[in-house]
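K.L.:
Just a sequence and a predicted model for now, questions to come.
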Amino acid sequence: MSHSFPSSRRRFMQLTGLGMAGAASFPSWLDAMEMKSSKGRGAVKADPSFKADVELDLVARSSQAQILPGKPTGVFSYSAKVMTGPKDSVIEIPGSYLGPLLQFRTGQKVRIQFKNELPEESIVHWHGLHVPAEQDGHPSDSILPGEVRVYEFEIKNRAGLHIYHPHSHERTATQVYYGLAGGILIRDAEEEKLGLPAGEFELPLVIQDRRFDENNQLVYGRTLHDRTLGFAGNRVLVNGKSDPVFDVSTRAYRLRVMNGSNSRIYKLAWSDGTAISVLGVDGGLLESPEIRPYVMLAPGERLDLWMDFTGRGLGSELVLKSLAFKGALPKMHEAMMAKMSGMAHGVGEGGGMMGGMMGHHELPIGSEYAIARFRITRVISENTRMPTQLSRYRTYRLSDTANPDHPIPIGVSEGPGSMLLNGRPYAFDDIQPFERVPLNTLQLVEISHAHGGHEASQGKASQTDAKEGHEMEAGSSSGMNQGASADPGMKGMQHGGGMMSGMMGNMSGMKHEASDGKAQPLSGMDHGGGMGMMGGMGMMMSMAHPIHLHGQQFQVLSRSLSGDDAGDYETVKEGLITSGFKDTVLLMPGEKIRLIKPFEDFRGRFMYHCHNLEHEDLGMMREFEIL
Ligand SMILES: [Cu+2]
């Protein structure tokens, strides 16, 4: 193989003595079915009493894809085959490294036999699907090369677009980056009655960014900078294709958009200023369409968009763009990028974001660039109108929740090489009292910035006193703002290369201690000395995080802003959809989000984590236990 292996993969092969040849000579399918996993809950066999309507074989393996002109690119790729059931349960995306679209109906019973032909462990998570805990692709269920795991679940979701992707701890980011992801379309009767554009007029758009070397091979960085901020590519791919062009007719289309990037956040808009018409979000259709000048799309989020190309001339083009915005990355980082851009262009911070020294191929997050072109190649007269009413569903109220005065906290804290939730990194079997949730309840959850992780480490993040904890945090962080905002800029510059290397250099050697006094393995910070310095550092590091909760979709109750981030927030706020059902929500700097989430039907452990995949692998992941 010519492409560079992720280092975890190399480590694994060293440990096991496996190479590619070893992986290829694994036992046959049936033999593998008999293998017992040597770790975790491991391989699971089919249950003959589960009467499946659809049976699929799903394989993950090393492969090659033609992404750029010239040499093919080494990738990881899913492939799927319908064994029994409707043939359109698998829809290929020709020539793409992406997994095929899987298409199911509400109420269908699905059996999926997943075979891991990768040279490292893996497990499939069904992002957005409401399935039992043992079917959810928990990291501890990872299977080894050559092993098979059988999933069996009923589709309980309403119509929507979801994602299948790996979820092995500390391997998710690389495996997704190297190609392991695909879409899951759920159909139901309510959606079908609407007669929305279908067939060739319904287009999936999976947006990802990648970086290639001169031999067309994927490059994945593992610097502290990449891990702390998230890895960003310098080229945007749609459906696994570079410089994507879609040939369209003069009529309405339904665009099923998914952000499959590791860390990149998009601000989607049409190049001619046409408003964005939003039909649905992560968990399916809204009650009625929402019209916005632009719409934000963070990793793990989905959008269901209406676009009518009627009245456009043959041969004309429209570009789906990402517009400039602020707040995705720490202020210090953004200020530095702007200054570098300014120096290169001879204009101030307001000038063209980040060209110049960054190189225009570098494609900074928050800059303006094209995502895909839509070219009118056919004029037709038939069309359909956008429905004004889309769906009916129950709206959750605060008074419906079991804990209206004591929200379950999800406190986000950042530091160089240390990304935590509720002050703790991911660890198996580390369920905190407030992470134990009674079955069949609606819970109020509050996601906020808990700079430095002091909050949970001081025991404030329990259900009983979470509220006081948050008020305290809000008070102390406003003091921090002033210190941190004095000169957000140039500290890291003197060290040249790495954006944040200066700051990170200063931070190295510090030690992070949890409440029990034990050093946290993934952390480089110390907040034991109290709020002071780490709180300030937290503010300086404050950035956007797409927070994903496994299990059922939730509804956003409120979003509020504190601190000095209002200016940056102005650049994104009209693109944040708060209605509908969500499973991933973008927390901007200074923001607090309250949501209501049902914990129904299934007991067991369900992850919650940042869907910036580098953050997730760094430990910004925890789990709820439904009891
Ligand atoms: Cu994050």
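P.N.:
Okay, I see it.
K.L.:
what about dumping the CA coordinates of stretch 580-589 to CSV?
P.N.:
The C-alpha trace of stretch 580-589 is given here as CSV (Å, rounded to 0.1, in the frame of the first residue of the first chain):
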residue,chain,number,x,y,z
GLY,A,580,-37.2,20.4,15.0
PHE,A,581,-35.5,17.3,16.4
LYS,A,582,-31.7,17.4,16.8
ASP,A,583,-29.0,15.0,17.9
THR,A,584,-26.0,17.3,17.4
VAL,A,585,-26.0,20.9,18.4
LEU,A,586,-23.3,23.5,17.7
LEU,A,587,-22.3,25.3,20.9
MET,A,588,-20.6,28.6,20.0
PRO,A,589,-18.2,30.4,22.3
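K.L.:
which non-adjacent residue is nearest Gly221?
P.N.:
Phe231 (5.6 Å; CB to CB, 6 or more residues apart in numbering). For every residue, glycine as well, the C-beta is placed using N, CA and C.
K.L.:
Now do the same contact list for Gln64.
P.N.:
Pro72, Thr73, Gly74, Val75 (CB atoms under 8 Å, 6 or more residues apart in numbering).
K.L.:
what about the stretch 51-200 of the chain, any weak spots by pLDDT?
P.N.:
Along the stretch 51-200 of the chain, the model assigns pLDDT under 70 to no residue.
K.L.:
Considering only it, name the residue that lies closest to the ion.
P.N.:
Ala173 (11.5 Å; CB to the ion).
K.L.:
for that residue, what are its contacts?
P.N.:
So Ala173 contacts Phe231, Asn262, Leu613, Glu614, Glu616, Asp617 (CB under 8 Å, 6+ apart).
K.L.:
For it, which three-state class applies?
P.N.:
When classified by DSSP: H, G, I helix; E, B strand; the rest coil, Ala173 comes out as helix.
K.L.:
How many residues are close by the closest residue in space to it that isn't next to it in sequence?
P.N.:
Excluding the flanking residues, the one nearest Ala173 by CB to CB, 6+ apart is Leu613, at 3.7 Å. Leu613 has 27 neighbouring residues, counting by other CB atoms under 10 Å.
K.L.:
Then Glu134?
P.N.:
By other CB under 10 Å, neighbour count at Glu134 equals 16.
K.L.:
go on, Gly107?
P.N.:
Counted with other CB under 10 Å, Gly107 comes out at 11.
K.L.:
Contacts only, for it.
P.N.:
Glu154, Ile155.
K.L.:
So it lies in a helix, does it not?
P.N.:
No - counting by three-state DSSP, Gly107 is located in no helix; its state is coil.
K.L.:
Quick check: it vs Trp126, distance?
P.N.:
Noted for Gly107: a distance of 16 Å to Trp126, by CB to CB, to the nearest Å.
K.L.:
if you skip the residues just before and after it, what's nearest to Glu362?
P.N.:
Asn234 (5.3 Å).
K.L.:
Hmm, the one you found is touching Asp213, no?
P.N.:
No - using CB atoms under 8 Å, Asn234 is not in contact with Asp213, being 11.4 Å away.
K.L.:
Which stretches in the chain count as helices?
P.N.:
7-16, 20-24, 29-34, 172-177, 189-193, 224-229, 331-345, 454-457, 466-485, 501-507, 531-541, 566-570, 613-618 (DSSP state H).
K.L.:
What residue in the stretch 301-450 of the chain comes nearest to the ion?
P.N.:
Met419 (5.8 Å).
K.L.:
what is that residue paired to in the beta sheet?
P.N.:
Glu414 (DSSP bridges).
K.L.:
how deep is it tucked in, by neighbour count?
P.N.:
There are 31 residues near Met419, going by other CB under 10 Å.
K.L.:
Provide a list of residues in contact with it.
P.N.:
For Met419, counting by CB under 8 Å, 6+ apart, the contacting residues are Thr228, Ser413, Pro425, Cys610, His615, Leu618, Gly619, Met620.
K.L.:
Residue of the stretch 451-600 of the chain closest to the ion, please.
P.N.:
His545 (3.4 Å).
K.L.:
isn't that residue right next to Glu614, touching?
P.N.:
No - taking contacts as CB under 8 Å, His545 lies outside contact range of Glu614: 11.3 Å.
K.L.:
Give me the more crowded residue out of the two.
P.N.:
More neighbours surround His545 than the other of His545 and Glu614, with 31 against 24 (other CB under 10 Å).
K.L.:
pLDDT value on the closest residue to the ion within the stretch 151-300 of the chain, please?
P.N.:
In the stretch 151-300 of the chain, the residue that lies nearest the ion is Gly230 (7.1 Å; CB to the ion). Per-residue pLDDT puts Gly230 at 94.
K.L.:
burial count for it?
P.N.:
Counted with other CB under 10 Å, Gly230 comes out at 30.
K.L.:
show me where pLDDT drops low in the stretch 201-350 of the chain?
P.N.:
In the stretch 201-350 of the chain, residues with pLDDT under 70: 341-350.
K.L.:
which residues in it form strands?
P.N.:
202-210, 235-238, 241-242, 245-249, 252-259, 266-270, 276-281, 284-292, 295-297, 302-308, 317-322 (DSSP state E, counting those that start in this stretch).
K.L.:
List the neighbouring strands of the second one plus their orientation.
P.N.:
Each strand paired with strand 235-238, and its direction, by DSSP bridges: strand 202-210 (antiparallel), strand 241-242 (antiparallel).
K.L.:
Return the set of buried residues in that strand.
P.N.:
Arg235, Val236, Leu237, Val238 (16 or more other CB atoms under 10 Å).
K.L.:
What is the nearest of the contacts of Met419 to Lys331?
P.N.:
Thr228 (14.3 Å; CB to CB).
K.L.:
In terms of pLDDT, where does the residue located most distally from the centre of the chain sit?
P.N.:
Outermost residue of the chain with respect to the C-alpha centroid, by CA atoms, centre = their mean, is Ser381; its distance is 38.7 Å. For Ser381, the pLDDT comes out at 90.
K.L.:
Tell me who's in contact with Thr395.
P.N.:
For Thr395, counting by CB under 8 Å, 6+ apart, the contacting residues are Gln555.
K.L.:
Pro364: neighbouring residues, count only.
P.N.:
25.
K.L.:
burial count for the residue nearest to Gly221?
P.N.:
If we define neighbours as other CB under 10 Å, then Phe231 has 25 of them.
K.L.:
next one: Tyr369
P.N.:
18.
K.L.:
That one touches Leu323, doesn't it?
P.N.:
No - when contacts are counted by CB under 8 Å, Tyr369 is not listed as touching Leu323 (9.2 Å).
K.L.:
any idea how far the residue nearest to His609 when sequence neighbours are not counted is from Ile547?
P.N.:
Distances taken as CB to CB, 6+ apart place Met621 nearest to His609, at 3.4 Å, with adjacent residues excluded. According to CB to CB, Met621 stands 10 Å off from Ile547.
K.L.:
who touches both of those two?
P.N.:
By CB under 8 Å, 6+ apart, the residues touching both Met621 and Ile547 are Tyr608, His609, Cys610.
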